[in-house]
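*Asks:* Below are the sequence and a predicted model; questions follow.
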Amino acid sequence: MNKILIKGGMLHTMQEPLFCGDVLVDDGKIAAVGPSLEAKDAQIIDASGLHVLPGLIDAHSHIGLFDFNHDKSVDDANEMTDPVSAAMDARYGMNPKARELQVAYEHGITSMLFTPGSGDVFCGQPFVAKTYGDNIFDMTVKAPAAVKIALGGNPKNTFGALKRMPMTRMGVAHVLWDTFRRAKTYLENQEQNIPQDYDPQLEAILPALRGEVPCKIHCTQYDMLTAIEVAKAFGVRFSLEHAWGASDYLEELVDSGCDICYGPIATYRAPGERRRVDVEAVKLLDERGVNVALVTDSPILSEESLYHHMGEAVREGADPERVLRMVTINPALQLGLEQRLGSLAPGRDADIILVKGFLGLDTDAKVQLTMVDGRIVYQL
């Protein structure tokens, strides 16, 4: 793979203040970052007047799992045959030819966490992958990347329609507690070499109990207190997904040590879970040291709506540079991938975008070039 030298751009490295400099790419990785770099036989890209950023990360997407492009929509994101479907691997429902992936990388989103839906309580195994490629297993960066859990209206509606547990928030909480208890016993038996039957659903929860991956918990409003209580009891790392109504529980969220994947912001306010879309919570949580990522929930909303989410956070008072972190290094940290994604530094994957204008601040900001693993996959 040829060397590429990006010259004279305004660098947002996510590790140091904005400065004008160069980025050297070699063999799919970032080789160097700094002022006045030189490289023999490198392809030169003039980034003068452009902002150079690490590729954006959307930490909550269902692209390729939901398909709304046909007369009848396709849902390969929700098993919904049992409230505990933790062993479902989202990669096997993923269409890597989904047209939304091209829209994503053309708008600078180079990595996503692709997650099952929220129809069950334990919904399955999300994974992180690049947005450019043909084979989802080759595109994958980390699998499993989390344990997906859902509280609230979605599992209630799924199983309420079947007149079986969980029909209520009480039932959802019972399934959550009971399954974690059984998984903890299952893990203790493994560690003590006590014979037991193999259980794929409990096996899928063990990485979270061992601290290897977080739980991503679909959760809004007062369900946050349930999530915090259960996560604390079993010692699991977790992020709250969507997190509408977070401003009602700022101190509880800070004390819990959780991460937040806020959004989509550009949703309509509606009865139930979407009643309280409190965009101001993004700034308030960030100021209190909570790791906040902004997410689109695509294709529920379009991939490029990530720009709108960034702009709304800025409009509510968040610092534009802090908002850039919410779509780069913050989600990388949440997913344990900060050594590969989310920043411009030697050794990181060469997922880089060049942007005319300041994303989240300039309404006409537009990606001019997207690079994935050192390969230019889009150029205006």
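*Replies:* Thanks, I have the structure now.
*Asks:* and the most centrally placed residue in the chain, what does it touch?
*Replies:* Centroid check for the chain by C-alpha atoms, centre = their mean gives Ala59 as the closest residue, at 0.8 Å. Shown in contact with Ala59 (C-beta atoms under 8 Å, 6 or more residues apart in numbering): Met112, Leu113, Ser239, Cys261, Ala293, Val295, Pro331, Gln334, Leu335. C-betas here are computed from N, CA, C, even on glycine.
*Asks:* mind checking how far it is from Ile109?
*Replies:* 11 Å (C-beta to C-beta, to the nearest Å).
*Asks:* these two touch, right, Glu303 and Asp297?
*Replies:* No - Glu303 is not in contact with Asp297 according to C-beta atoms under 8 Å; the separation is 10.4 Å.
*Asks:* Need the residues that contact the helix or strand harbouring Arg181.
*Replies:* Secondary structure assigned from DSSP states H and E places Arg181 in helix 169-191. Helix 169-191 is contacted from outside by 83-84, 86, 121-122, 149, 151-152, 155-156, 159, 165-166, 194-196, 199, 201-203, 205-206, 209-210, 223, 226, 230, 233-234, using C-beta under 8 Å, 6+ apart.
*Asks:* From these, list just the buried residues.
*Replies:* Buried members of the contacts of helix 169-191, counted by 16 or more other C-beta atoms under 10 Å: 83-84, 86, 121-122, 149, 151-152, 155-156, 159, 165-166, 201-202, 205-206, 209, 223, 226, 230, 234.
*Asks:* rewinding a little: who has more neighbours, Glu303 and Asp297?
*Replies:* Using other C-beta atoms under 10 Å as the criterion, Glu303 and Asp297 rank with Glu303 on top: 25 against 21.
*Asks:* and the more buried one, what does it touch?
*Replies:* Counted by C-beta under 8 Å, 6+ apart, Glu303 has contacts Asp58, Ser61, Ile63, Glu100, Val103, Ala104, His107, Ile109, Thr296.
*Asks:* In TSV: those, plus neighbour count and secondary structure.
*Replies:* What follows is those, written out as TSV (neighbours: other C-beta atoms under 10 Å; DSSP: H, G, I helix; E, B strand; the rest coil):
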residue	neighbour count	secondary structure
Asp58	29	strand
Ser61	29	strand
Ile63	27	strand
Glu100	22	helix
Val103	17	helix
Ala104	29	helix
His107	24	coil
Ile109	29	strand
Thr296	29	coil
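*Asks:* Ala32: which of these is nearest?
*Replies:* Comparing the contacts of Glu303 against Ala32 with C-beta to C-beta places Ile109 closest, at 25.0 Å.
*Asks:* partners of that closest one in the sheet?
*Replies:* Leu56 (DSSP bridges).
*Asks:* quick one: it from Gly360, how far?
*Replies:* 14 Å.
*Asks:* same check, this time on Val74
*Replies:* Val74 sits at a distance of 32 Å from Gly360 (criterion: C-beta to C-beta).
*Asks:* Outside of the helix or strand bottoming out on mean pLDDT in the chain itself, list whatever touches it.
*Replies:* Least confident element among the helices and strands of the chain, by mean pLDDT, DSSP states H and E: strand 74-75 (a mean of 84). Contacts with strand 74-75, where a contact means C-beta under 8 Å, 6+ apart, come from Leu65, Phe66, Asp67, Gly117.
*Asks:* I figured the first one was touching Met88, is that so?
*Replies:* Read it as Leu65. No - if you go by C-beta under 8 Å, Leu65 and Met88 don't touch, sitting 10.7 Å apart.
*Asks:* intersection of neighbour lists for the two?
*Replies:* Counting by C-beta under 8 Å, 6+ apart, the residues touching both Leu65 and Met88 are Pro116.
*Asks:* quick one on the thing from earlier: compare Val74 and Gly360 (neighbour count), which wins?
*Replies:* Comparing Val74 with Gly360 by other C-beta under 10 Å, the one with more neighbours is Gly360, at 27 against 14.
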